[in-house]
Structure formats: structure tokens, C-alpha cells
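Visitor: no sequence on this one, just coordinates:
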């Protein structure tokens, strides 16, 4: 089926999804989880073909992301069951007013309609994204990466069976068959068919969507996150936060890429930083962090001299750029110039400095004395997440079910005119 | 100054606007109102030049929109004072959670940054839009129509004096000097400088923004609004609502353009409709409504035969397309196919039919037994309005001060890591 046919069918199914009650949607999610488990053999067989085709052409890390196992499939099914357990955002009255003329106005959460998601190689995104979009009352059109296409197709076939078992239209979930760039462009420009497009992937994909899309888009994910260590920081806390933010999972968007250090504590702090991120990790057999130092930092500790690009790069690796700044204001100015608007942190014992930072820094999440790694739907208590929005319109930060909805005003009268 | 220079200065001023406390912003708005009154002579002189240049080249309606008077300037000043009296949306904590690990997360309303507004010829939009954007803590870049440029420049000069008197940067408010299409395109593509672009004007302008913008846009205003008269409608109520929605102000976006009538009541209702909108208005010396009828309606009453385009046209005039439908479902299907997502109404005494309509119709505002003319910031109790969003992302329906803000997460910890 062509992408436009899939989208047209999804549009036709969106009314049924929007009208579906909570119980029906939850039954569908549970049935979809069951079908995932029941279809394990076909999914693993498809995945084996994807892996065989990819082997030798992609890195081991990519191969690992692509690989499915009975455990991973069980995890995907469990994820769908958890979404079934979350509160239904659709129909929630967000605000109610009764006007002096007697009309009652309810701002009410409603589904988006058709949500399209462009993603890359992890097959589990297929079930995660489908579960969230469907629970939010929308039809869902997925466009995954080429490497994972057989796996995704097998997963979607199972999920569609689950949808139908619950009496919902199978067309409400679709996987785009064409994995070339053309299909991504079709989704970006399918005005009237796609109500929301969410790109999940690298900076290139997201930039292409923002530049070319004529349908509504939510940008996700690019994170050049800064940790500013103020002169009044507690050094051990700063070291713990930096280690966690840099090393606990360097490949994710909420990992820190840049450390800014106040000049007054730089002579004390930087040697400790080096010891913690480089020497101790080497001694423990862990991958050491490559520190890329501005001139002032390089005069204090050893490391690689930083080039200009190092302060504008999402390394997603064991690399951290380090700059010494004169003040919290200079740290904020650096962040304003280099941030992607994801997550930014100040470590300080000075409450006034923290307040200035929290108020003045423009990002989806601003932290005082906690790791940027908490920017996550689960950690924020949303129960799930479709991605981290780094734009300002609509949703900012982790997007849960509520953020996948919009609202409309329902106005009830008794013949009022104006 | 070039548009890019204005934008760069506005961006530099956005920090001061975001940090300004409520009192400072309100003092600025009051001072701006005073300066508008104090500058009345220069504004009227500029307006006289605009009017002289426009006379003979635009319609009388346009000339009236363009014309200022002491009364209108007083009204603009009063509008600014009213915005000063509205609650400040910035800094409101929209949601607060404390997680089991002790981090406290506050979803907090924050300003957009730089809001750019492209509008057309009414000079009062200059002060209205500036007041709302500035109160919402953003810098404001205005790009008005060519015909009103001298008037807008005089108004902005006064408003800037008011801003400065309150200690806020004059650069936080700017009027684009170039009124050619090029400057609109510059605003649409000024990624990194414009945080939100709001086009206020005709369908062509809005379409151009949606198609070409690489900055975030909120679509406003196009309204093909439907009134569906159900078989269980109270006829007098339906006539009152239709008359109000069509005739009270045909040139605005919340005016009705299409009447859908259930077949069972069409033989009774349509003659009444014709009498009310055509005959009675003629008799009263008012402009009669031209009814454009589908075949079924044309078999019942006299009128112009409707062409296909009549059901997809925002007439903004004393014209109404009329179609007879078989059921509430057919009315909903018609609306789904032809609506611009603005305001849609059902008139019925049947609560179940009303529920189906209110739930199933996808528009910014859906009405049961009230005129679509209520879709308005003032009527909805927002106190003001920057326009009516007809998109789903971020804001839908009337946009007040809250809708001109975004949010960020402020996270406070005591050294938590993940």
C-alpha cells in the first residue's frame, strides 16, 4: 500500500479511535501485548533477517539496538500493559467556566487525530510509540528505519490483530512500507492527513522535518546539556552529578556534554574532575572521559585543547567539553549561545545564584543540584514518554499521554446569541 | 534598521522582558497608554498621510478600518490599561510533583521570547498585539500592512517611550520598516530569532506562513463555521442563532457561513429561514442574506443555486450556503470535509444527538444551542485575545495571555543522581 493510502485509511479510522472509550482502548492494548507474545516466533524470524542484512554494514552498537530476544519482546509487551494502566487523557475537562450569559465553556482534552512518527532502528519503539499514540486516542502511522523494517512489520502485524480483537479498526495503526527518504518527505508534507509528526532520531532527521514539514511537528531530542559548577558548589555533589550526567548513559539526549566551572573554584575542582572522570575510571577498567578544555582549564589540568565546535557538539560519547567562566551570568550567556534547549543544570549552595539560573536559562528543564539525566517521562512521573520536546510550542520536555492530546472548547447554551 | 537588526535587538531584549516583574510590566503598559494619548497629534497626523495615500486605492470599508480618531486612540489606550489589569501568566506553577527520590519538579509558565506578528491594516492591532505580547513577558516584533505603516510607526514610537519610562528596553518592541513581502519572509525564516510567529490576516497570508515558515507558527482565523439545525431543533432558537451568527458581524471569522438542515424539518424550517434572513431584513431596510441552496433546499425555497465552491468559501459577507442533510452523522461528515476547524454548532433539543456532535466534531470550539459568535477571548473570559488559533498544536481557539506563554520544568534537588 502506498504511504498516501495508509494515511487516508488512518484518517478514516481516527474518528473510531477518538470515540473509543477508555476500556476499549485498554482492552486493545492488552490484546496487542498478548499478540506480541503469541507472535514471538514470527517477530524473531523477521528480526533475524534484519540482523543478517545489517551485519557488517553497521556498528555493533547498532546491531545490539536492532536485536530482539524473547526477553526484549516480553519487555515490549509489558510496556504496552503499563500504558493500558495509565489514566486516559481524552475527555478530561482542563478548565470550566460559566459565563454571566449562562453559556458553559469546557476546555476539554481531545485526540490529535493522526500522529505520524519517524524513527530509526530500535524495534521496540514500534510498540512503545503505537501504544502511546493509540491510548491518546489517535491513529498512528509509523515510519521506521530501513534496517529494522522486517522486524517492525512483524510487530505491527501482531499489534493490528490485537486492535481488531478489541473491535478497533486495524487501519488505526500502520507501518509505512517505503523506507526511502521519499516516504519521510510524504509524511512531512501530508497536510490534512497528518495532524502531528514526531521525528525521533538524529539531528539531521529532526532538522529535515523542521525545515521541510508543512504538517505540525514536535522537535525532539537533541541535547547539548550543560552542568555549571558554581563557586559555591559542594565539590563532591558536583562530581557525582557530572559523573552521572556524563557517564551513566552517554548515548542519550539528557546526558551532559559540557561542564562550565566558575573561575574561583576551577583550580580546586578541575583536578578532582580529571581524577574522577579520567583516572579513577581508567583504574576501574571503565572507559575514561576525554576532556576537551578551553585555555583556562588547560592551564590547570591536562586534556585535549577544545576547538570551537566542541561547545556546539552533541558528543553522545565519553567526551566532555570544559570551560572556565567568570560568573553565573557568563555561564548563562554561554548556555544561551550554545544550548539546544533541552536540560541545563547549576550546582551551587548559593540559593540566589540558583534562582537567577533557574529563572534566566531558557530550556525545557532547568536543574538545581540534580543530574540532567532525570529529564525523562518516567522520572518526571508521566509514566511513559514519546520523546523529549526541545521546542516551545505545545509540549516542552518529556511528552506523555497528555502532551499527545490537544484540546477543544465545548460550549453549551440555551439559545444564547451575542 | 533592517529586519534582521530589529530581530537581533529584540532577542537581546527578551531576557529583560522575561525577568521583568508583574508590577514593572503593568507600569510599562500604563505608561504606554499615557504616551499614546500624549502622542495623539503625531499619530493622527501620520494617520492622515496613510489615509490620503490609500484613498481611491482601497474600499471604503478598508478606509474605515485604517482611520484613527481621538476616540479610537482613547480606545487603544484603554485596551492597554485593561491588559495591565489582567493576571500575569509568567511564573505560574502549572503542575508540581515531588518524586520519591526527593526531586521537586515544577512545570512553570515562561515567556516565549520573541513573538513576531504579521498583520494587515487596522492600526489598533499595533497597540493590542504589543500589549499582549509584552505582558506575556516576550519581546514583540510587529510587521503591519503597507497602508497603515505611518500610523503604526507613530504608535510604536509612543509605545517605546512608555516602555523606557518603566525601565524596560525600547528594543523589546519593534515595527519592521520594510513592508514588502520580503520582510514577511524574513520573519518566517528567522530561526533562532523568532520564537513564535502569529499571522493575523487573510487566508493567503496564513497559508504562506504555514507553507514557508521555519519558525514556530500559530495559524489564526480562517473560519468556515457551520450551524446544523437538527430535526429536534427549536425553530425560533435556530433562527435566532443563525441570524446572529450570520448577520451580527459578517466580516469576522466566527460568523457562520453554512447552514445544514435536517431533512425532516427542512420543509418547515427553510421558509422561516428565508423569511428571517431575506424578507424581514429587506422590509427593515437591512442588507438581506443571499442564500446559496443545494438541490434539496432549492426545491423548498427560492435562492441562488449553490456551486461546489460555496461550501468551501469563507464569504465574510451577507451570503450563506444551505444544505439539507439526512442525519446528524451526515452533518458531521459534511463538517469534517469542509470545516476549517474554527467553530461549529448544533441546534437541537436532543441531548444524545448533541453529545455525538460535540464529541465527534473536530474544531477549536463546538457549540450546542449557542451562536458561534462567542468564539472570542473576551466572551470566553480570557480578558483579551491575540487571535483565534485554528491549529491543534499549543493553542486552540482564542489565545489569551496564557496561550502566549510556554512552560519549562524547574527541577530542584539535593544532589540526586540517576
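Guide: All right, it came through fine. Keep in mind that this is a model prediction, so the values were computed, not measured. Numbers count the residues shown, from 1 in each chain, chains lettered A, B, ... in the order given.

Visitor: Contact partners for the nearest residue to residue A:418 once chain neighbours are set aside?
Guide: Leaving out its chain neighbours, the residue that sits closest to residue A:418 by CB to CB, 6 or more residues apart in numbering or on different chains is residue B:373, at 4.3 Å. Where C-beta positions appear, they are placed from N, C-alpha and C, glycine not excepted. Applying CB atoms under 8 Å, 6 or more residues apart in numbering or on different chains, we find residue B:373 in contact with A:417-418, B:244-245, B:248-249, B:252, B:254-255, B:379.

Visitor: List the contacts of the nearest residue to residue A:184 once chain neighbours are set aside.
Guide: The shortest distance from residue A:184 to any non-neighbouring residue, by CB to CB, 6+ apart, is to residue A:118 (5.5 Å). The neighbourhood of residue A:118, defined by CB under 8 Å, 6+ apart, consists of A:143, A:184, A:187, A:197-201, A:205, A:209.

Visitor: okay, these in a markdown table with distance to residue A:323, neighbour count and pLDDT next?
Guide: Supplementary listing: those in a markdown table, determined by distance: CB to CB, whole Å; neighbours: other CB atoms under 10 Å in any protein chain shown; pLDDT from 0 to 100:
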| residue | distance to residue A:323 | neighbour count | pLDDT |
| --- | --- | --- | --- |
| A:143 | 39 | 24 | 96 |
| A:184 | 36 | 23 | 92 |
| A:187 | 39 | 27 | 96 |
| A:197 | 36 | 24 | 96 |
| A:198 | 33 | 26 | 95 |
| A:199 | 30 | 28 | 93 |
| A:200 | 30 | 21 | 88 |
| A:201 | 29 | 20 | 81 |
| A:205 | 29 | 19 | 85 |
| A:209 | 31 | 23 | 88 |
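
Visitor: just the strands in the stretch 251-400 of chain A please.
Guide: Taking DSSP state E, counting those that start in this stretch as the criterion, the stretch 251-400 of chain A contains strands spanning A:256-262, A:290-293, A:304-305, A:319-325, A:343-347, A:365-370, A:388-389, A:397-398.

Visitor: and of these, who's closest to chain B?
Guide: With CB to the nearest CB as the measure, strand A:365-370 is the member of the strands of the stretch 251-400 of chain A nearest chain B (2.8 Å).

Visitor: what residues does the closest one touch?
Guide: By CB under 8 Å, 6+ apart, strand A:365-370 touches A:237, A:241, A:342-348, A:354, A:357-358, A:372, A:374-375, A:397, B:103, B:408-417.

Visitor: I would like a ChimeraX command selecting only the buried ones among the residues you listed, please.
Guide: Here the buried members of the contacts of strand A:365-370 are turned into a ChimeraX selection, burial being counted by 16 or more other CB atoms under 10 Å in any protein chain shown:
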select /A:237,241,342,343,344,345,346,347,348,354,357,358,372,374,375,397 /B:103,408,409,410,411,412,413,415,416,417
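
Visitor: Mind checking which of the contacts of strand A:365-370 are in helices?
Guide: A:237, A:241, A:354, A:357-358 (DSSP state H).

Visitor: out of those residues, who's near chain B?
Guide: Applying CB under 8 Å from any CB of the partner chain, the subset of these adjacent to chain B comprises A:237, A:241, A:354, A:358.

Visitor: Can you name the residues of the stretch 151-300 of chain A sitting close to chain B?
Guide: Residues of the stretch 151-300 of chain A lying near chain B (CB under 8 Å from any CB): A:191, A:195-196, A:210-211, A:214, A:216, A:218, A:234, A:237, A:240-241, A:243-245, A:248.

Visitor: farthest pair in those?
Guide: A:191 and A:234 (52.6 Å; CB to CB).

Visitor: longest strand of chain A?
Guide: The strand that spans the most residues within chain A, counting by DSSP state E, is strand A:405-416.

Visitor: Which secondary structure elements does that one sit against?
Guide: strand A:104-111, helix B:235-247, strand B:365-370 (3 or more CB pairs under 8 Å, 6 or more residues apart in numbering or on different chains; DSSP states H and E).

Visitor: Show me what it pairs with in its sheet, parallel or antiparallel.
Guide: strand A:104-111 (antiparallel), strand B:365-370 (parallel) (DSSP bridges).

Visitor: so what's the closest residue to chain B within the stretch 151-300 of chain A up against?
Guide: Nearest residue of the stretch 151-300 of chain A to chain B, counting by CB to the nearest CB: residue A:244, 3.6 Å away. Applying CB under 8 Å, 6+ apart, we find residue A:244 in contact with A:371, A:373, B:417-418.

Visitor: Please apply the same query to residue A:262.
Guide: Taking CB under 8 Å, 6+ apart as the test, what residue A:262 contacts is A:228-231, A:233, A:324-328, A:331.

Visitor: Make TSV out of those residues and add distance to residue A:132.
Guide: Shown next, in TSV, are the contacts of residue A:262 (distance: CB to CB, whole Å):
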residue	distance to residue A:132
A:228	33
A:229	36
A:230	38
A:231	43
A:233	38
A:324	42
A:325	39
A:326	44
A:327	42
A:328	38
A:331	36
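
Visitor: Let me have these in JSON lines, extended by pLDDT, distance to residue B:50 and neighbour count.
Guide: JSON lines is the format used below for these (pLDDT from 0 to 100; distance: CB to CB, whole Å; neighbours: other CB atoms under 10 Å in any protein chain shown):
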{"residue": "A:228", "pLDDT": "98", "distance to residue B:50": "51", "neighbour count": "28"}
{"residue": "A:229", "pLDDT": "98", "distance to residue B:50": "56", "neighbour count": "30"}
{"residue": "A:230", "pLDDT": "98", "distance to residue B:50": "54", "neighbour count": "25"}
{"residue": "A:231", "pLDDT": "98", "distance to residue B:50": "56", "neighbour count": "17"}
{"residue": "A:233", "pLDDT": "98", "distance to residue B:50": "58", "neighbour count": "24"}
{"residue": "A:324", "pLDDT": "98", "distance to residue B:50": "55", "neighbour count": "25"}
{"residue": "A:325", "pLDDT": "98", "distance to residue B:50": "50", "neighbour count": "22"}
{"residue": "A:326", "pLDDT": "98", "distance to residue B:50": "50", "neighbour count": "11"}
{"residue": "A:327", "pLDDT": "98", "distance to residue B:50": "48", "neighbour count": "14"}
{"residue": "A:328", "pLDDT": "98", "distance to residue B:50": "48", "neighbour count": "24"}
{"residue": "A:331", "pLDDT": "98", "distance to residue B:50": "48", "neighbour count": "25"}
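
Visitor: biggest separation within these, which pair?
Guide: A:233 and A:326 (15.3 Å).

Visitor: Show me what the helix or strand where residue A:210 lies is packed up against.
Guide: Element membership for residue A:210, per DSSP states H and E: helix A:203-212. When contacts are defined as 3+ CB pairs under 8 Å, 6+ apart, helix A:203-212 sits against helix A:181-188, strand A:196-199.

Visitor: Report the angle between that helix and helix A:181-188.
Guide: 50 degrees (axes from the mean of the first three to the mean of the last three CA atoms, to 10 degrees).

Visitor: that older thread, backbone dihedrals for the residue nearest to residue A:184, please?
Guide: Residue A:118 adopts backbone torsions of phi -100, psi 120, taken as degrees, to the nearest 10.

Visitor: How much space separates it from residue A:138?
Guide: Taking CB to CB, to the nearest Å as the criterion, residue A:118 is separated from residue A:138 by 15 Å.

Visitor: one step back: closest to residue B:20 among the contacts of residue A:244?
Guide: For the contacts of residue A:244, the nearest to residue B:20 is residue A:371 (31.5 Å; CB to CB).

Visitor: got the contact list for that closest one?
Guide: Counting by CB under 8 Å, 6+ apart, residue A:371 has contacts A:241, A:244-245, A:248, A:345, B:413, B:416-418.

Visitor: farthest-separated two in these?
Guide: A:248 and B:413 (15.3 Å).

Visitor: of the residues of the stretch 151-300 of chain A next to chain B, buried ones?
Guide: Judged by 16+ other CB under 10 Å, buried ones among those: A:195-196, A:210, A:214, A:216, A:218, A:234, A:237, A:240-241, A:243-245.

Visitor: pLDDT-wise, what's the bottom of those?
Guide: Lowest in pLDDT among those is residue A:210, which has 82.

Visitor: my guess is it meets residue A:218, correct?
Guide: No: applying CB atoms under 8 Å, one finds residue A:210 not in contact with residue A:218, separated by 9.9 Å.
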